[in-house]
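Undergrad: With the input below, show me the fold.
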Amino acid sequence: MQKMWKILKKVALIFGAFIVLIIILAIVTPSNKPILQADKTEQNQTQQDQAQIQVVDNTDNKEVKNEEKTDPNLVTLNFHDDKSDCSEKFILPFSKETYDEFIKASVSKDTYAYAEMILQGRAMMIDNCAEARIIDRGFGSRRVRLTSDPSITGWVPMEWAK
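TA: Predicted coordinates for the structure are as follows:
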């Protein structure tokens, strides 16, 4: 009887892992409909407004000029080689430790580890081509803060933050 319970527990564990894998594949697999769609024109207008700064001319203090400020820390997150391809989503690990785990899982193609990170709240899925600001730099990695939601920060490979 105890042997039968052990077998049933193993079957239930395998079935549960299979269900979690199916859920992760459903999340990771690209769809034609974006889950969260932001109004790009409004977002671009806000970024343009923020980029306008007023500079006082040194020769005449009364004259004010508008100059465009270019911020090298403002980047677009994109994991595709073709930077115009904004389809799909990717995982944004919140901590450096989770980022290291994410890289190991990527190398070993461990989709269960992806699911575990997301379900435990250590990472989240975000849209490809999301706007972000670089707030820290590591060896081969960048810590970014999403401009659409400044409360969200995470680590990405430096090649993705361009």
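Undergrad: can you map out the helices along this protein?
TA: All helices of the chain, identified by DSSP state H, fall at 2-28, 40-51, 96-108, 111-119.
Undergrad: Just say which of those is most tucked in.
TA: helix 111-119 (a mean of 17; mean count of other CB atoms under 10 Å). No exception for glycine: its C-beta is placed from N, CA and C like everyone else's.
Undergrad: Now do that one and helix 96-108, the angle between them.
TA: With axes from the mean of the first three to the mean of the last three CA atoms, to 10 degrees applied, the angle from helix 111-119 to helix 96-108 works out at 150 degrees.
Undergrad: Spit out the contact partners of Gly138.
TA: 96, 155 (CB atoms under 8 Å, 6 or more residues apart in numbering).
Undergrad: My guess is Ile152 contacts Met125. True?
TA: No. Applying CB atoms under 8 Å as the test, Ile152 and Met125 come out as separate, 11.5 Å apart.
Undergrad: any shared contact partners between these two?
TA: Counting by CB under 8 Å, 6+ apart, the residues touching both Ile152 and Met125 are Leu92.
Undergrad: can you tell me how far Ala20 sits from Arg143?
TA: Actually, residue 20 is Val. It isn't Ala. Distance, Val20 to Arg143, using CB to CB, to the nearest Å: 28 Å.
Undergrad: ugh, wrong one, I meant Leu13
TA: 36 Å.
Undergrad: now do Ile14
TA: Going from Ile14 to Arg143 by CB to CB gives 37 Å.
Undergrad: same deal with Thr111?
TA: 24 Å.
Undergrad: for Ala123, same thing?
TA: Separation of Ala123 from Arg143 (CB to CB): 14 Å.
Undergrad: returning to what we had before: Serialize the helices of the chain to a markdown table and add fields for distance to Ser87 and mean pLDDT.
TA: Formatted as a markdown table, those follow (distance: least, CB to CB, whole Å; pLDDT from 0 to 100):
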| stretch | distance to Ser87 | mean pLDDT |
| --- | --- | --- |
| helix 2-28 | 13 | 76 |
| helix 40-51 | 15 | 48 |
| helix 96-108 | 19 | 94 |
| helix 111-119 | 18 | 93 |
